[in-house]
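Asker: Sequence below, structure please.
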Amino acid sequence: MAGETVITVIGNLTADPELRFTPSGSAVANFTIASTPRTFDRQTNDWKDGETLFLRASVWRESAENVAETLTKGTRVIAQGRLKSRSYDTKEGEKRTVMELEVDEVGPSLRYASAKITRTQRVSSGSGANGQGGGAQQGGQSNQGATAWQQQPADDPWGAPAGTPAAAGPGSAGGWGNGPESEPPF
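Answerer: Now for the predicted structure:
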C-alpha cells in the first residue's frame, strides 16, 4: 500500500517464535529481533557495539508456520516488512504506543550459518497467489501458485507450470520458446 514504511532488519531472535492461531484458523507467529549496530573506533582500533534495537515482529498464515518450524532463539535473520504503530491502554490507564514490524519476508541470514531449504507442500483449493491457479495438483496438494518454486521439466527452462504449453517462442502464441535460439528479452 502507498505511504507505508517498508524496512529491512537484520538481527538475532531473542526467543523461539510463538505460533498461535486466530479463532478463524489463521496462523500468526510473533517474535522479537535484536539488532545491534557495530562501528569501528579508529582511536582504540576496536569495534564498539551501539544501542540494541529490540523490534517486535509478526508474520501470518503459511509463513508463520514456516517461521515456527524453522527459526529458533539466537538465529540471525533478515526480515522485511511494514513498520506499524499500535496504541493501547495499560492496566493503570496509561496510553502507550509501540512500533511493530508486520513481516512480509523473513529468512535466516547465511553470513555465519548455512541452511537447507525444504519446499513445503500445502493443501489448497481454488486459486493460488494472484489468482493464477493453485499450482500443479499432485495428490490434492499444491504449491499454491508458486510456480517459480515448482520443480520444472528439464526441457522447460522458463518455468511454465506442468500441464501448460512450454512457453511459446517468438512467432508462437504467448511468449518465448524452449529452443536455443529463443532467449528471453532481457
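
Asker: hey, where'd the helices end up in the protein?
Answerer: Using DSSP state H, the helices found in the chain span residues 61-70.

Asker: pLDDT weak spots in it?
Answerer: Within the chain, the set of residues satisfying pLDDT under 70 comprises 1, 122-186.

Asker: Apply 80 and report the result again.
Answerer: For the chain, applying pLDDT under 80 flags the ranges 1-3, 120-186.

Asker: how's the protein carved up into domains?
Answerer: Domains of the chain are assigned by automatic domain parsing as 5-108, 119-151.

Asker: Output those domains in CSV, with mean neighbour count appended to each entry.
Answerer: C-beta coordinates here come from the backbone N, C-alpha and C atoms, glycine included. Supplementary listing: these in CSV, determined by neighbours: other CB atoms under 10 Å:
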stretch, mean neighbour count
domain 5-108, 14
domain 119-151, 14
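
Asker: And for Ser109, the neighbour number?
Answerer: By other CB atoms under 10 Å, 15 other residues sit near Ser109.

Asker: Next up, the contacts around it.
Answerer: Residues touching Ser109, when contacts are defined by CB atoms under 8 Å, 6 or more residues apart in numbering, comprise Ile10, Arg76, Val77, Ile78.

Asker: give me that answer again for 6 Å
Answerer: Under the criterion of CB atoms under 6 Å, 6 or more residues apart in numbering, the neighbours of Ser109 are Arg76, Ile78.

Asker: and if you look at Val98?
Answerer: Counting by CB under 6 Å, 6+ apart, Val98 makes contact with Arg86.

Asker: now do Val6
Answerer: Contact partners of Val6, counting by CB under 6 Å, 6+ apart, are Arg82.

Asker: Tell me how far it lies from Ala115.
Answerer: Counting by CB to CB, to the nearest Å, the separation of Val6 from Ala115 is 24 Å.

Asker: what's Thr14 in contact with, if anything?
Answerer: Contacts of Thr14 (CB under 6 Å, 6+ apart): Thr32, Ala34.

Asker: Next, give phi and psi for Thr44.
Answerer: The phi and psi values for Thr44, taken as degrees, to the nearest 10, are phi -100, psi -10.

Asker: how close does it sit to Pro37?
Answerer: 17 Å.

Asker: and if you look at Trp47?
Answerer: Counting by CB to CB, the gap between Trp47 and Pro37 amounts to 11 Å.

Asker: hey, what's Leu19 bridged with?
Answerer: On the basis of DSSP bridges, Leu19 is bridged to Ala29.

Asker: Ser35 now?
Answerer: On the basis of DSSP bridges, Ser35 is bridged to Leu53.

Asker: That one and Leu53 touch, don't they?
Answerer: Yes. Here Ser35 reaches Leu53: they are 4.7 Å apart, a contact under CB atoms under 6 Å.
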